[in-house]
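>>> need a structure here:
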Amino acid sequence: HRILASGFGPGYDAPLVFVSCSTDNARAVAAAVGHTPGIASVTPVRTSDDGGAAMFVAYPRTGLQEAATPGVVHRLRDTVVPRAGGGVLIGGPNAGTIDFSDAVSERLPWLIVVVVGLSLLLLLVLVRSVAIAAKAAVMNLLSIAAAYGVLTAVVQWGWLGHQLGFPAATPVTPWVPLFMFPILFGLSTDYEVFLISRVREEYDLGAETRTAVTRGLARTARVITAAAAIMVCVFLSVLLVGDIAVKQVGLGLGVAVLIDATVVRMVLVPAVMELLGRVNWWLPGWLDRILPAVEPGSPPARSPEVPVRS
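Numbers count the residues shown, from 1 in each chain. Sure, this is the predicted structure:
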């Protein structure tokens, strides 16, 4: 294994497998791939017993997690293989990982649009305020962006990587950002609803915006920070496991909840609401008529106490 790895380069551990449906152009494709910059070596073409398919393996000079490898794969698919002949499929660890990363990159914006849109609709119905709903979406995105930034700095750039259990600087696992976003947005929205609902109650009782924000924050701060502390401890404990991808999820979730429950919910949200003043409660008339009415439930009436006869 060591001799082959030193001969073929880092890409030996993640080869590119080419399958040609036509055996006629298999050797021409193999020769073109072998002369492509970034390819270290190509194995001889092997043909199936019935002669219907041919296969060969190419080893890139760069490793699976190096930035140059996706460029090699895209160059082979876009230019080299079509010129040499059609009907060729490229697989293997490198190609599979790159395809998955491309699929995640294409679908992540749609996931963000759907999640943010649903949260905006929920807050509009619950709080009946355009400004608060928009502010909540921006604040939630801020918490998630901070988590992505910390994850990139630790995992990809290597900042404090060894101290947190990451042996070397590597790219972030493709599915981790896609997995983190809905969870983090859900937790952030949960804290936002808990805080804003209390503020809205105080405002509906006749308090000014500044007073309502102060009272709502005082009533919910301990509960939010206590719940967030539990979540942070649970998420960061994942750093003790050995799987690198799982450690990335735990680090990202823990950092996001910590930032969201302290800096965002306890500082930025009250400050922005106090600056906005009466704008917090603005809702167009046409939108008010469209949104369903949500009335707070009244507490159940207590049953009359029955005297106990001695």
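>>> ok, Leu118 to Ala137 distance?
Leu118 sits 10 Å away from Ala137, going by Cβ to Cβ, to the nearest Å. For the C-beta atoms, the positions are set from N, CA and C on the backbone; glycine is no exception.
>>> can you give me the helices for this structure?
Using DSSP state H, the helices of the chain run over 2-8, 26-34, 68-75, 81-84, 93-127, 130-151, 175-204, 209-236, 244-259, 269-276, 285-290.
>>> for the second one, what is the distance to the chain centroid?
Read it as helix 26-34. 39 Å (Cα atoms, centre = their mean, to the nearest Å).
>>> among the helices of the chain, show me which one is buried the most.
Highest mean neighbour count among those (mean count of other Cβ atoms under 10 Å): helix 244-259, with a mean of 22.
>>> returning to what we had before: turn the helices of the chain into JSON lines, including distance to Gln163 and mean pLDDT.
Below are the helices of the chain laid out as JSON lines (distance: least, Cβ to Cβ, whole Å; pLDDT from 0 to 100):
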{"stretch": "helix 2-8", "distance to Gln163": "29", "mean pLDDT": "34"}
{"stretch": "helix 26-34", "distance to Gln163": "42", "mean pLDDT": "87"}
{"stretch": "helix 68-75", "distance to Gln163": "28", "mean pLDDT": "87"}
{"stretch": "helix 81-84", "distance to Gln163": "44", "mean pLDDT": "81"}
{"stretch": "helix 93-127", "distance to Gln163": "27", "mean pLDDT": "87"}
{"stretch": "helix 130-151", "distance to Gln163": "14", "mean pLDDT": "91"}
{"stretch": "helix 175-204", "distance to Gln163": "20", "mean pLDDT": "90"}
{"stretch": "helix 209-236", "distance to Gln163": "13", "mean pLDDT": "93"}
{"stretch": "helix 244-259", "distance to Gln163": "12", "mean pLDDT": "93"}
{"stretch": "helix 269-276", "distance to Gln163": "32", "mean pLDDT": "92"}
{"stretch": "helix 285-290", "distance to Gln163": "50", "mean pLDDT": "86"}
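>>> tell me the predicted confidence for the closest residue to Pro167 other than its chain neighbours.
Nearest non-adjacent residue to Pro167, counting by Cβ to Cβ, 6 or more residues apart in numbering: Gly161, 7.6 Å away. pLDDT, Gly161: 87.
>>> alpha carbons of stretch 219-236, as CSV, please.
Once non-C-alpha atoms are left out, stretch 219-236 reads as follows in CSV (Å, rounded to 0.1, in the frame of the first residue of the first chain):
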residue,chain,number,x,y,z
ARG,A,219,-39.4,37.4,32.6
THR,A,220,-37.7,35.1,30.0
ALA,A,221,-33.9,35.7,30.3
ARG,A,222,-33.2,33.1,32.9
VAL,A,223,-35.3,30.4,31.2
ILE,A,224,-33.7,31.1,27.8
THR,A,225,-30.2,31.1,29.1
ALA,A,226,-30.8,27.9,31.2
ALA,A,227,-32.3,26.0,28.3
ALA,A,228,-29.5,27.2,26.0
ALA,A,229,-26.8,26.2,28.6
ILE,A,230,-28.2,22.6,28.6
MET,A,231,-28.2,22.5,24.8
VAL,A,232,-24.7,23.9,24.6
CYS,A,233,-23.4,21.2,27.0
VAL,A,234,-25.1,18.4,25.1
PHE,A,235,-23.8,19.6,21.7
LEU,A,236,-20.3,20.3,22.8
